[in-house]
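**Q** Sequence and predicted model, in that order:
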Amino acid sequence: QVQLVESGGGLVQAGDSLTLSCAASGFGFSRYAMGWFRQKPGKEREFVADIGWMGGTTYQKDSVRGHFTISRDTDKSTVYLQINNLQPEDSALYYCARGPRAFSSRGGFSPSSYDAWGQGTQVTVST
């Protein structure tokens, strides 16, 4: 079955960088767009970035390019999210998700556009 397993979160200090990983199995990873979302306590799950099956990327907004970098390694069936210069407001549970259709250039901004999710990895940024 489809399985997504996130890792790489932790407790870090402001200004640090982290790379989150999402290992995929049970489907043809190379054919699907993938996305990263995050959720803060009491808040809705929010889009961070997605990457199409051919590697095209979309971010929450243009201004966060450089703060977030999404990438994928087809050989390892893994999608990554690098977060630079972490700030306390980046503290959240980070999820990866699979876009619903093969050969799509986007996963989409809405969580409802995705059909499989990992369990999440917690990122906590201290000052």
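**A** Thanks, I have the structure now. Numbering: from 1, shown residues only.
**Q** tell me the contacts of the residue nearest the centre of the chain?
**A** Taking C-alpha atoms, centre = their mean, the centroid of the chain lies closest to W36, which sits 2.2 Å from it. With contact taken as C-beta atoms under 8 Å, 6 or more residues apart in numbering, W36 is in contact with 20, 22, 48-50, 68, 70, 79, 81, 94-97. (Each C-beta comes from the backbone N, C-alpha and C, glycine too.)
**Q** So which of the residues you listed belong to helices?
**A** Nothing among the contacts of W36 maps onto helices, per DSSP state H.
**Q** Pick out the most distant pair among those residues.
**A** Greatest spacing in the contacts of W36, by C-beta to C-beta: F68 and A97 (15.2 Å).
**Q** The two - which one has more neighbours?
**A** More neighbours surround A97 than the other of F68 and A97, with 25 against 19 (other C-beta atoms under 10 Å).
**Q** Please name the nearest non-neighbouring residue to the more buried one.
**A** Leaving out its chain neighbours, the residue that sits closest to A97 by C-beta to C-beta, 6 or more residues apart in numbering is Y114, at 3.7 Å.
**Q** can I assume the one you found is in contact with R106?
**A** No - the criterion here is C-beta atoms under 8 Å, and Y114 misses it with R106 at 10.9 Å.
**Q** where do the contact lists of these two overlap?
**A** In terms of C-beta under 8 Å, 6+ apart, Y114 and R106 are both contacted by the residues G99.
**Q** helices or strands next to the lowest-mean-pLDDT helix or strand in the chain in the packing?
**A** Least confident helix or strand of the chain, by mean pLDDT, DSSP states H and E, is strand 57-59 with a mean of 91. Judged by 3 or more C-beta pairs under 8 Å, 6 or more residues apart in numbering; DSSP states H and E, strand 57-59 is in contact with strand 46-51, strand 68-73.
**Q** I am finished for the moment; much appreciated.
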